[in-house]
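1. Pasting the sequence and the predicted coordinates here, then a few questions.
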Amino acid sequence: MTDRPEVEDLLRSLAPQVLGVLARRTGDFCACEDAVQEALIAAASHWAAEGVPENPRGWLLQSATRRHIDLMRSDTARRRREERVARESVPAQASGVDDSLALLFMCCHPVLTPASAIALTLRAVGGLTTAQIAAAHLVPEATMAQRISRAKQRLKASSAVFEAPVPGTAEWSARLRSVLHVLYLLFNEGYTTSGGPVLHRADLSGEAIRLARQLHRLVPGEGEATGLLAVMLLTEARRPARTGLHGELIPLAEQDRARWDGSLVAEGTALLVGSFAGPAARRGRPGEYRLLAAIAAVHDGAARAEDTDWPQILGLYGLLEQVAGSPLVTLNRAVALAMVEGPTAGLALLDRLGTDGGPLAALHRVDAVRAHLLETAGEEAAALDHYRSAAARTTNLPEQRYLIARAARLHRHAPPPTGSDGSPGADGG
């Protein structure tokens, strides 16, 4: 009998590989995804009880193939599919793209909008739930479900051919931006999960790094692909220090930096420096991933939190707003601004975000940042309210416990509320 978590981890890594092969063979992504999902369910049951087969990828591919054949309606179509899947497995591409990365490029097909392609590939390659993808895009889950469904329908209606584009072509460049964004979102979901009992999922961040390494080896002169790998490594380096003995969240300023992974810091820094020195540096100003990597490198280069070069980080966020501005970038710039000019300046920038009804309205980080800045400014009563609001909105339990603890600490030190005549209020005890 095999440990179920080990089986689940193996299936998670194999699923995009099998889907990539099957989709290339048949050109029918929607039916292939259904077939792979059924095969995964069967494998989870059989492997946990009987053990993992000698060739788990082959077992899963064969099972998915049979289920795909069963989905074909007409006898003619069935015979055609049977003949096709009876052939030998499609060999790895000469370009060096593995099945998971090839699948990622397949899903970022030109017939889809970038938003739809990103959502679909996060499902197919990353194995994220619709709720997790919706949280990453700051939209309701129902909206994201409709987006993914429409993407599948459009692929089916267009009879799109699932082939990975050739590096250096115009089609490659058009898809590359979506691919980079998907990998970045996949890494972020692994580094801080959108919900659940643990702060991070190393399997997701690890898979994102693996695919980013593949992409970097494929196009080593592509500055933004290099920058993406660099920011992942520089950020992942801090993961050992982000949680305590019981899985509790430890914020960046309080982390034991001796626990950071120095080899990842060194590798990420070297990649970043190389991306600014190579041919890509001569093709214009750096994009968002090299800028994000530069910000991460400044953090990682500080031996102590108080040594952090916040003016440099603030300047980098200003550049990032020009290149790839978003409410989240502005939110991070508000933190940097507060560290340079004081909490009042940061709060003023937060006020200009206009979160009422906007994409950040339901994001707990806005309340968490505002609470921290209010606390720093000495406005503890207001900070307490925002810590509580942030805790109520997050579904990541370690984050929630951290925010509750911050609120409880402020509550213990707050003076008791009083009535209009100076006597203790009704809730003051």
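-> In hand now; what should we look at? Remember, it's a predicted structure, so these values are computed and weren't measured experimentally.
2. Kindly report the domain assignment for this structure.
-> Listed domain ranges for the chain are 4-13+15-85, 96-160+169-218, 222-297 (source: automatic domain parsing).
3. Adding mean pLDDT as columns, could you present those in a markdown table?
-> Converted to a markdown table, the domains of the chain look like this (pLDDT from 0 to 100):
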| stretch | mean pLDDT |
| --- | --- |
| domain 4-13+15-85 | 77 |
| domain 96-160+169-218 | 84 |
| domain 222-297 | 91 |
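4. Need those in TSV (columns: distance to residue 328 and mean neighbour count).
-> C-beta here means a position set from N, CA and C on the backbone, and glycine is covered the same way. Output for the domains of the chain, formatted as TSV (distance: least, CB to CB, whole Å; neighbours: other CB atoms under 10 Å):
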stretch	distance to residue 328	mean neighbour count
domain 4-13+15-85	27	18
domain 96-160+169-218	8	19
domain 222-297	11	19
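5. these two touch, right, residue 222 and residue 176?
-> Yes - using CB atoms under 8 Å, residue 222 is in contact with residue 176, at 7.4 Å.
6. Residue 39 and residue 303, how far apart?
-> In this view, residue 39 and residue 303 are 50 Å apart by CB to CB, to the nearest Å.
7. Kindly report the same for residue 232.
-> 22 Å.
8. Likewise for residue 192?
-> For residue 192, the distance to residue 303 - CB to CB - is 24 Å.
9. picking up where we left off before, with distance to residue 381 as extra columns, can I get the domains of the chain in TSV?
-> Converted to TSV, the domains of the chain look like this (distance: least, CB to CB, whole Å):
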stretch	distance to residue 381
domain 4-13+15-85	44
domain 96-160+169-218	28
domain 222-297	22
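10. ok, now which ones touch residue 199?
-> Counting by CB atoms under 8 Å, 6 or more residues apart in numbering, residue 199 touches 192-193, 242-243, 247, 249, 396, 398-399.
11. Quickly name whichever of those is closest to residue 112.
-> Proximity to residue 112 was ranked across the contacts of residue 199 by CB to CB; first place goes to residue 193, at 26.3 Å.
12. doesn't the closest one fall inside a strand?
-> No - using DSSP: H, G, I helix; E, B strand; the rest coil, the assignment for residue 193 is coil, not a strand.
13. ok, it to residue 308 distance?
-> Taken as CB to CB, the span from residue 193 to residue 308 is 26 Å.
14. for residue 349, same thing?
-> Taking CB to CB, one finds residue 349 at 19 Å from residue 308.
15. Residue 345 too?
-> From residue 345 over to residue 308 (counting by CB to CB), the distance is 17 Å.
16. between these two, which one's more packed in?
-> residue 308 (19 against 15; other CB atoms under 10 Å).
17. which ones are touching that one?
-> 298-299, 302, 339.
18. Format the CA atom coordinates belonging to stretch 110-117 as CSV.
-> The C-alpha coordinates for stretch 110-117 follow below in CSV (Å, rounded to 0.1, in the frame of the first residue of the first chain):
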residue,chain,number,x,y,z
PRO,A,110,-3.7,32.7,-30.4
VAL,A,111,-7.4,32.0,-30.6
LEU,A,112,-7.8,32.8,-26.9
THR,A,113,-7.5,36.1,-25.2
PRO,A,114,-4.5,36.4,-22.8
ALA,A,115,-6.8,36.3,-19.8
SER,A,116,-8.6,33.1,-21.0
ALA,A,117,-5.3,31.4,-21.9
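19. ranges for the helices of the stretch 51-200 of the chain?
-> For the stretch 51-200 of the chain, helices defined by DSSP state H, counting those that start in this stretch occupy the ranges 56-71, 75-85, 99-107, 114-124, 130-137, 141-158, 170-191.
20. Tell me what angle the helix or strand hosting residue 232 forms with helix 170-191.
-> Secondary structure assigned from DSSP states H and E places residue 232 in helix 223-236. Between helix 223-236 and helix 170-191, the angle comes out at 10 degrees (axes from the mean of the first three to the mean of the last three CA atoms, to 10 degrees).
21. next helix or strand past helix 223-236?
-> Helix 223-236 is succeeded, C-terminally, by helix 262-277 (DSSP H and E).
22. Now tell me what touches the helix or strand following that next one from outside.
-> For helix 262-277, the following helix or strand on the C-terminal side (DSSP H and E) is helix 288-300. Applying CB under 8 Å, 6+ apart, the contact partners of helix 288-300 are 180, 184, 223-228, 230-231, 234-235, 237-238, 252, 260, 265, 268-269, 271-272, 275-276, 286, 308-309, 312-313, 316-317, 319-320, 323-324.
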